Structures are given as structure tokens and as C-alpha cells.
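Trainee: Kindly return the folded structure for what I paste below:
(chains A and B)
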Amino acid sequence: MIEPPASEPLLAVNGVHAGYGGSEVLRGVDFAVYAGEIVTVLGANGAGKSTLSMTISGVIKSWQGSIRFKGAAIERKPPADIVAQGLIHVPEGRRIFPNMTVRENLDLGTYRRARSRRAANRDRVFAAFPRLAERQSQRAGTLSGGEQQMLAIGRGLMAEPELLLLDEPSLGLSPLLVEELFALIKGIHAQGIALLLIEQNVVQSLEVAQRAYILDNGCVVLEGPATDIEKDPALRRAYLGL
Amino acid sequence: MLSPVILLPAILNGLMTGAIYALVALGLTLIYGVLHIINFAHGALLTAAMFAAFFAYTLLGLDPYLAVFVLAPLFFVAGYALQRFVIGPAAHGEDRNFLLVTLGLAVLIENALLYFFRADTRTIDLPYAFNVIELGPAFIAVPRIVAFVTVIVVALALWAIMQWTDTGKAIRAVAREKLGAELCGINVTHIFAITFGLGTACVAVAACLLIPTYYVNPTAGEAFVLIAFTVVVLGGMGSVAGALIGGLCVGVIESLSSVFFGESLGQIGIFASFIVTLLVRPSGLFGARA
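Mentor: Alright, predicted model coming up:
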């Protein structure tokens, strides 16, 4: 069983409330990610997973509560500043630039960070994703869904993240590609990058993660080591609403 | 009437006029392509730039072809500030508000110009304004050739910026995928303002190219923007290449229709082609087909 280290967390989310317009989606979320961890936040549709990731990366401003990254408050920072600090969010739906080439997409990953090491980082991404290397001059919109997901993750890796936030990376991928994706997540973790994996895919996510949080109706309803959560009957209840 | 001695000069002159239309349209289409708003203040900004070029010459003795190096950066900054501090904050991200705010700006600018400079029509006299160059059977006025070459250079420069600089790539990224761009660390508000600045700088260049042969009064810019809208529709909303080719086409269409229908009816051709484009190919020559 892996206990969270006693040191200060890399990312600490405390009592965060957020939403859209007048409707509150997150109702006081608390969780933490420590350096070198894979943490997964699981939840059904509508649990507030996407709102949570958008709030962490500063696209949505939190109404209340604090978000600290490397000890500094980021809840009032614009997304560009949060990227500059090394928290990179690979969003749901990939959000690649379809009108631009694969190479241009990757290069924009270093728009705000690691710009001087752009070429070296691109070579590393191409080494990890040979398919992207083959298609580097092709427009990103012409890639398959799996390739687009790889491109989105590759673009995130270009910025040398200290914490990589993956929002629903397995969405819309075939089972074979999902296997590949989770192998990739382990590979990224092996490089010493901390990961926050926001997912619907319970089984695979709990397999790679050290710790897990279950989000339901905008609140964390269950947390603990991934191996414990897996066995907890409350998981099925919270997650599937049974 | 179809003799090449008449047609060739008409086509060449049309290309030269069309270049100015293209430049005004370039600014309009750039702003539309990235911010997805129609900038109704474009014409008023063109008029303001023409006044600036006029006074740069009459008060400071600055030749318009030199004034462009001052006015283009100045209008870039003005456009940047307008979008960043006025249009953006006032619109709160709503398309409808963008329309109203830019329309309001147009009214404000035009009436300020009217208040300070009256409705008088002004022109400047440049020693070289009536010099011509012989091109085969055609005599082309020097200012038109300067305008044509400048527009091509500006269009190529814009294309190069978009293709090869990080800022240009960021502009293209924001145009298609705002959230993805934000999460790459691109400051979208800044990119919007830069784009608006570039569009406004295009208008300043156009003003400096127009003033040697054209007049200025508080509504002088409007005529060009009306045609520029046609160009943008013809070339395809948001397409830079479309604006350039579309502008040249519209110039030639206008010039040929004045040959066939008479000088004062030249614009019939433009608006006829506008209607035909909307009927046959509503996305324009280079527009993405939705």
C-alpha cells in the first residue's frame, strides 16, 4: 500500500467551488497530487470531472477555495501563467489544431515553456510516437482519433510538464488503443512526471494509479489507495449510482 | 470596343485599383477569420488613417509613401488598444455585442472627424501623382503601380508572419481552436488584439496608398469597405489568399464594367458578381465549404 508522502503536495485543491453562470458544479472539492504520483479522479458523466480540470488549468475561475501548485496559489492565475509553471492540461476532445500540421501542433506546445528546447523535445515526442513522425507534415485534422489523442498528449509533453493533467484520454478509443494509451501513461510516469488522470475508465485507471478519488455530484465521496478503492463496494455505488 | 488597346489598359488599371480593395479586405478578413466578428469600424478607421496621411503631408511635409512607416505601426498600436481595452471588454464575448460596439465606434470616429474637420473634401498635390509609365498600350499612373507592388509585398509579409512566426502560428491556432490554444499557454486576449492591430495596420497602409490620388472626407473610407465586404464574400470569409485574389478580381470587374456600361456604372459589375457569388458559391472562392 502506498501512503502519500508527508512532504507538501505538488498540486493541492482545497474546498473548491466552481460552475457555469449561476449553477454550481463543484461543491467543495479537496484532493492532492504528490510529486511522482499517478492520481486518478473517477466519476460518471455529470459528476464535474471536466469542470474540475478546467478550474485547475484556470480556464474557469473557481468561486471559492484554493488551488496551489508547487506551493503557490494559482486559482486566480490565467491559463497561460499556469502553463508557464509546468502544469499542462491535455483536454477532453483533444483540442488539437486541425488546420495546422502535426509538427506545428507540437511546436505550439512550447509556445510558453521550454521554447529553447523545442527541437530536442520534438525529437523525443517523435521517438515515442513514430506515427506522428511519419505524419509530421500532414494536417492534424486528417489524423485518426487515436493519432489525434497521441498528438494532444505529445503537444502536452513538448512543454516538459511537471504535472500532466489528462482529461478523459481514453474517450472514443478502441480497446486496443486504450491498452496502448495506458502503457504510454506508465511510460510518462517512469520519466518522473506526475500525472492527474481524470477518467471514466475505472478498471484501467485504478490499475495504473497509486491513489484515487471518486467524484460524485461535485464532491469527493471516496478516496484512498487505488488498490483499496478497487475493492470498495462504495465505488460501485458512487460511480454507477447503484 | 473589344480591342486589346482598350481592354488591356482597363484590366491593368483594374488590377491596380483591385490591389487597394484587396488590402482593405485583407484587414477585414483577418479580423473575421480569427475573432469571428465583422468589424464595422473598419471603414471609419480607414478614413481616420486617410486624415492622418493627409495631415502628415500638409502639416509635416511627410510624403505618404514615407508616412506609411510611421502610420502603419501607429495604427497597429491603436487597433491593438481598441480591441484589448475597448471592444473586447465591452463585448463580453458576445458576437452581437461585437457588432454593436464596432458599429458604435464607427459612428464615434466618423462624427469626431466631421466635428473637427467639417465635411470638406480634401486632396493633396504630389509632384509625381500624374506621372505615368508606359506598359504596352497602357499608361499606368505611378501611384497605382506603387500601390500594387506594396499590396503584394504586404500580403506576402502577412503570409510569412502567419506561416513562420510563433505569433502567426498562435493566431492560426486561436482562429480554429481557442481552448486548445489557451491550454498551450497562448494568451487569447493578446492574440485577438494583435490580430485586430494587424487588420488596422492594413487599413493604414491602404490610406497612405490612396491619399496621393484620392480625396479624403469624413466618410471617404466607407466606399472602400463596402467593396471590401464584397471582396471578402467573393474570396471566402477568413481567407487571406481569397482576399488578395478576390480584391484583384473585383478591381478588374469594376474596370471592365465601366468600359462596357460607362464610367458611372462601374460598380454594377461588382454588385452583380457579389449576388452571383452568393447564389452559386456562397462560401467564396477560397472559403471552407460548410
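
Trainee: Looks to me like A:Val220 is in a strand.
Mentor: Yes. Per DSSP: H, G, I helix; E, B strand; the rest coil, A:Val220 lies within a strand segment.

Trainee: For the residue lying closest to it once chain neighbours are set aside, list each beta-bridge partner.
Mentor: Spatial nearest neighbour of A:Val220, chain neighbours left out: A:Tyr213 (5.0 Å); criterion: C-beta to C-beta, 6 or more residues apart in numbering or on different chains. Quick note: C-beta positions are derived from backbone N, CA and C, even for glycine. Beta-bridge pairing for A:Tyr213 (DSSP bridges): A:Val41, A:Glu223.

Trainee: neighbours around A:Tyr213, how many?
Mentor: Number of residues near A:Tyr213 (other C-beta atoms under 10 Å in any protein chain shown) recorded here: 25.

Trainee: And it, how close does it get to A:Gln204?
Mentor: 16 Å (C-beta to C-beta, to the nearest Å).

Trainee: Then B:Phe54?
Mentor: Counting by C-beta to C-beta, the gap from B:Phe54 to A:Gln204 is 69 Å.

Trainee: Looking at these two, which one has more neighbours?
Mentor: B:Phe54 (21 against 18).

Trainee: Run through the strands of the chain in chain order.
Mentor: Since you didn't name a chain, this refers to chain A. A:11-20, A:23-33, A:38-42, A:64-69, A:72-73, A:87-90, A:163-167, A:194-199, A:211-216, A:219-225 (DSSP state E).

Trainee: my bad, chain B
Mentor: Under DSSP E, chain B gives strands at B:132-135, B:138-141.

Trainee: From the contact counts, what lies against the first one?
Mentor: Just to be clear, that refers to strand B:132-135. strand B:138-141, helix B:142-164 (3 or more C-beta pairs under 8 Å, 6 or more residues apart in numbering or on different chains; DSSP states H and E).

Trainee: possible to save those as a markdown table with mean pLDDT, mean neighbour count and distance to A:Leu52?
Mentor: What follows is the helices and strands packed on strand B:132-135, written out as a markdown table (pLDDT from 0 to 100; neighbours: other C-beta atoms under 10 Å in any protein chain shown; distance: least, C-beta to C-beta, whole Å):
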| stretch | mean pLDDT | mean neighbour count | distance to A:Leu52 |
| --- | --- | --- | --- |
| strand B:138-141 | 86 | 17 | 64 |
| helix B:142-164 | 94 | 17 | 35 |
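
Trainee: Tell me which of these lies nearest to chain A.
Mentor: helix B:142-164 (9.3 Å; C-beta to the nearest C-beta).

Trainee: The closest one vs chain A: in contact?
Mentor: No. Legend: contact between helix B:142-164 and chain A by C-beta under 8 Å from any C-beta of the partner chain is lacking; minimum distance shown is 9.3 Å.

Trainee: Using CSV, list the CA coordinates for that helix.
Mentor: Output of helix B:142-164 as CSV, limited to C-alpha atoms (Å, rounded to 0.1, in the frame of the first residue of the first chain):
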residue,chain,number,x,y,z
VAL,B,142,2.9,55.8,-60.9
PRO,B,143,0.9,55.9,-57.6
ARG,B,144,-1.1,52.9,-58.9
ILE,B,145,2.0,50.9,-59.6
VAL,B,146,3.4,51.7,-56.2
ALA,B,147,0.1,50.7,-54.6
PHE,B,148,0.0,47.4,-56.5
VAL,B,149,3.6,46.4,-55.6
THR,B,150,3.1,47.5,-51.9
VAL,B,151,0.0,45.4,-51.6
ILE,B,152,1.7,42.3,-52.9
VAL,B,153,4.6,42.9,-50.5
VAL,B,154,2.2,43.4,-47.6
ALA,B,155,0.3,40.3,-48.4
LEU,B,156,3.4,38.2,-48.7
ALA,B,157,4.7,39.6,-45.4
LEU,B,158,1.4,38.7,-43.7
TRP,B,159,1.6,35.3,-45.1
ALA,B,160,5.1,34.8,-43.9
ILE,B,161,4.2,36.0,-40.5
MET,B,162,1.3,33.6,-40.3
GLN,B,163,3.4,30.7,-41.6
TRP,B,164,6.7,31.0,-39.8
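
Trainee: Now the closest residue to chain A within chain B, what are its backbone angles?
Mentor: Going by C-beta to the nearest C-beta, chain A is nearest to B:Gly185 of chain B, at 2.6 Å. Dihedral pair for B:Gly185: phi 90, psi 10, per degrees, to the nearest 10.

Trainee: quick one: contacts of stretch A:215-224?
Mentor: A:24-31, A:41-44, A:47-49, A:51-52, A:211-214, A:229, A:232, A:234-235, A:238-239 (C-beta atoms under 8 Å, 6 or more residues apart in numbering or on different chains).

Trainee: In it, which residues are buried?
Mentor: A:215-216, A:218, A:220-223 (16 or more other C-beta atoms under 10 Å in any protein chain shown).

Trainee: Spell out which parts of chain A neighbour chain B.
Mentor: Near chain B, when you scan chain A using C-beta under 8 Å from any C-beta, you find A:57, A:59, A:78-80, A:83-84, A:88-91, A:94-100, A:104, A:107-109, A:111-113, A:115, A:155, A:159.

Trainee: redo that, cut-off 6 Å
Mentor: Residues of chain A lying near chain B by C-beta under 6 Å from any C-beta of the partner chain: A:79-80, A:83, A:89, A:91, A:95, A:97, A:99, A:104, A:108-109, A:111-112.

Trainee: Spell out which parts of the stretch 101-250 of chain B neighbour chain A.
Mentor: Counting by C-beta under 6 Å from any C-beta, the stretch 101-250 of chain B sits next to chain A at B:169, B:173, B:176-177, B:179-180, B:182-187.

Trainee: swap the cut-off to 7 Å and go again
Mentor: Within the stretch 101-250 of chain B, the residues that sit near chain A (C-beta under 7 Å from any C-beta of the partner chain) are B:166, B:169-170, B:172-173, B:176-177, B:179-180, B:182-187.

Trainee: before we move on, the earlier item: and the residue nearest to the residue of chain B closest to chain A when sequence neighbours are not counted, what does it touch?
Mentor: Among residues not flanking B:Gly185 along the chain, A:Arg112 sits closest, at 2.6 Å (C-beta to C-beta, 6+ apart). Contact partners of A:Arg112, counting by C-beta atoms under 7 Å, 6 or more residues apart in numbering or on different chains, are A:80, A:83-84, B:184-185.

Trainee: Endpoint to endpoint, stretch B:75-88 covers what distance?
Mentor: Length of stretch B:75-88, first residue to last, C-alpha to C-alpha, to the nearest Å: 17 Å.

Trainee: Report the contact partners of residue 54.
Mentor: Defaulting to chain A. A:Ile60.

Trainee: look at chain B instead
Mentor: B:122, B:124, B:211, B:216.

Trainee: And A:Gly65, how far from A:Leu87?
Mentor: In this view, A:Gly65 and A:Leu87 are 17 Å apart by C-beta to C-beta.

Trainee: Look at these two and report which has more neighbours.
Mentor: Just comparing A:Gly65 and A:Leu87: by other C-beta under 10 Å the higher neighbour count belongs to A:Leu87, 28 against 17.

Trainee: what about the more buried one, distance to B:Thr123?
Mentor: Counting by C-beta to C-beta - A:Leu87 and B:Thr123 are separated by 59 Å.

Trainee: can you check A:Pro78 too?
Mentor: 48 Å.
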